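In: sharing a model prediction with you, sequence too.
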Amino acid sequence: MGFILVSAGSAIGLGNVWRFPYITGKYGGATFVLIYIIFLAIMGLPIMVTEFSVGRGSVRSIAMSFDVLEPKGTKWHIYKYFGIAGNFLLMMFYTTVSGWMIYYLYKMVTGGFDGLDVNGVGAVFGGMLSDPVTMAGNMILVVASCAGVCYIGVQSGVERITKYMMMCLMILMLVLAGNSLLLDGSSVGLEYYLSPSWDKFMEYGPREVIFAAMGQAFFTLSLGVGSLAIFGSYIGKEKRLTGEAIWVIVLDTFVALTAGLIIFPACFAYGVNPGSGPNLLFVTLPNVFNHMAFGSLWGALFFLFMLFAALSTVIAVFENIICCIVELTHKDRRTIIKWGIPVMILLSLPCVLGFNVWSGFQPMGPGSMVLDLEDFLISNNILPWGCITYLMFCTYKNGWGWKNFITETNTGSGLKFPEWVRPYMKYVLPLIILAIFINGYIAILTK
């Protein structure tokens with residue numbers, strides 16, 4: 001249970017809330033969800049199993065797992081530098097965005113949004129972004145608290161605290177969804193969100209909808225940088241890995257779907273356009289809560305849930321980075337964490353300053369900022385190539401090889417991973433990921 005919840009905590013993040021509900025409503029409701037679930041099964045599941053298997057088979061993080069398992073003389077271990085860099089990049093902006101959750105939770109608890117309209121809420125969000133001291137302070141709080149959890153230890157800190165956070169997250173989501181569904185007029189939002197609509201599917205075209213589903217299924221699980229492999233390295237051989245991976249995907253999908261049940265019924269009940277991205281969380285939803293009875297309470301619970309989702313990811317990635325450095329340097333874990341706190345704060349500062357002091361630096365074109373560059377490097381480059389690396393490593397003879405992979409994956413009791421999927425994982429799935437990679441660049445170059 002601890003392994004499943006900690007792994008799910010790594011996968012569950014802000015994309016489950018500020019992107020999935022919006023694109024589900026936009027691209028056809030239940031029609032899109034069905035396509036998305038298919039891609040989770042044919043893409044997310046096999047890649048996740050390869051990560052878990054490499055982690056458990058090597059009993060190492062991404063820093064040394066390829067070194068331990070690769071045939072002598074091969075160079076698979078070179079990817080570890082990209083994987084470690086990907087974890088650092090993810091932390092460099094995720095700590096900042098997680099800090100926004102702390103700020104908004106504080107504002108909700110203290111009544112900072114009471115009586116504000118959408119422009120007033122937007123001014124609060126803009127004021128936060130333009131204040132480097134507030135942004136840096138919340139980011140430092142995130143870094144220190146998550147490092148503190150890792151400092152306590154893997155079982156007593158990372159596993160125990162993440163496990164309780166994830167259970168609280170699930171309960172909070174159900175309470176919030178129940179409240180939204182009981183609002184007058186919520187049925188319109190529920191229909192928009194989940195009613196099957198082939199008209200919307202055809203309006204945007206099969207290519208756009210399918211790539212949106214593929215992209216969401218691919219990115220939601222943060223595969224390819226060893227974030228899940230590290231937890232695979234901690235578990236025993238009692239259970240086969242396929243069933244464990246399915247549980248993680250089910251929990252990730254549950255959070256994404258339930259987030260929509262919180263957002264859309266509430267937005268439509270009060271006639272508010274839900275929108276997407278950061279504006280949905282930090283401008284639209286506080287305005288919705290202002291319309292509700294006991295809105296500050298519901299808003300505080302919502303941002304507490306968001307904080308748990310964000311911190312569970314930060315803790316998981318922190319743990320991966322710590323283990324990588326321990327394996328590479330053979331230094332004491334707690335010493336690395338102590339030195340790592342100021343280093344991570346310094347690495348996170350460019351993202352903080354990109355919204356204010358360095359706002360003139362627009363690396364991805366007009367209106368972009370440091371966060372966009374960091375996100376682009378990991379999401380559009382390191383993640384897809386990392387997944388292709390794991391797939392090839394587990395299916396090619398000059399890598400770990402199919403026989404070793406399937407033996408490790410199917411050791412223990414539980415659902416067996418089918419051996420007949422080898423040709424698909426070896427030849428077809430890498431091409432699908434490559435198509436997502438190319439489509440991401442096309443979208444950037446043509447916008």
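Out: Alright, I've got the coordinates.
In: wasn't Thr411 part of a strand?
Out: No. Going by DSSP: H, G, I helix; E, B strand; the rest coil, the assignment for Thr411 is coil, not a strand.
In: how near is it to Glu238?
Out: Relative to Glu238, Thr411 is positioned 9 Å away (CB to CB, to the nearest Å). (Each C-beta comes from the backbone N, C-alpha and C, glycine too.)
In: who has more neighbours, those two?
Out: Neighbours per residue (other CB atoms under 10 Å) separate Thr411 from Glu238, with Thr411 holding more: 16 against 9.
In: secondary structure class for the residue nearest to that one when sequence neighbours are not counted?
Out: Counting by CB to CB, 6 or more residues apart in numbering, Lys237 is the residue found nearest to Thr411 once chain neighbours are left out, at 4.9 Å. Look at Lys237: counting by three-state DSSP, its state is coil.
In: measure Lys237 to Thr446 for me?
Out: 48 Å.
In: of these two, who's got more company?
Out: Lys237 (11 against 6).
In: pretty sure Ala266 sits against Met292.
Out: Yes. Counting by CB atoms under 8 Å, Ala266 does reach Met292; the two are 7.5 Å apart.
In: overlap in contacts, these two.
Out: Leu183 (CB atoms under 8 Å, 6 or more residues apart in numbering).
In: neighbour count: those two, which is higher?
Out: Between Ala266 and Met292, counted using other CB under 10 Å, Ala266 has the larger neighbour count: 28 against 17.
In: that one belongs to a helix?
Out: Yes. With three-state DSSP as the criterion, Ala266 is assigned to a helix.
In: could you tell me which residues make contact with it?
Out: Ser180, Leu183, Ser186, Gly189, Leu285, Val288, Met292.
In: hmm, 10 Å instead?
Out: 176-177, 179-181, 183, 185-186, 189, 272, 274, 284-285, 288-289, 291-292, 298, 302 (CB atoms under 10 Å, 6 or more residues apart in numbering).
In: please indicate which of those residues are buried?
Out: Neighbour counting with 16 or more other CB atoms under 10 Å marks 176-177, 179-181, 183, 186, 189, 272, 274, 284-285, 288-289, 292, 298, 302 as buried within the contacts of Ala266.
In: so which of these are in helices?
Out: Of the buried ones among the contacts of Ala266, the ones assigned to helices by DSSP state H are Leu176, Ala177, Asn179, Ser180, Leu181, Ser186, Gly189, Leu285, Val288, Phe289, Trp298, Phe302.
In: can you put those residues in a markdown table and add pLDDT and distance to Ile210?
Out: Converted to a markdown table, those look like this (pLDDT from 0 to 100; distance: CB to CB, whole Å):
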| residue | pLDDT | distance to Ile210 |
| --- | --- | --- |
| Leu176 | 91 | 31 |
| Ala177 | 92 | 28 |
| Asn179 | 90 | 34 |
| Ser180 | 90 | 29 |
| Leu181 | 92 | 30 |
| Ser186 | 89 | 30 |
| Gly189 | 88 | 25 |
| Leu285 | 86 | 29 |
| Val288 | 86 | 31 |
| Phe289 | 89 | 35 |
| Trp298 | 93 | 36 |
| Phe302 | 91 | 31 |
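In: make JSON lines out of these and add distance to Gly224.
Out: Output for these, formatted as JSON lines (distance: CB to CB, whole Å):
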{"residue": "Leu176", "distance to Gly224": "31"}
{"residue": "Ala177", "distance to Gly224": "31"}
{"residue": "Asn179", "distance to Gly224": "37"}
{"residue": "Ser180", "distance to Gly224": "34"}
{"residue": "Leu181", "distance to Gly224": "36"}
{"residue": "Ser186", "distance to Gly224": "38"}
{"residue": "Gly189", "distance to Gly224": "35"}
{"residue": "Leu285", "distance to Gly224": "31"}
{"residue": "Val288", "distance to Gly224": "35"}
{"residue": "Phe289", "distance to Gly224": "36"}
{"residue": "Trp298", "distance to Gly224": "36"}
{"residue": "Phe302", "distance to Gly224": "30"}
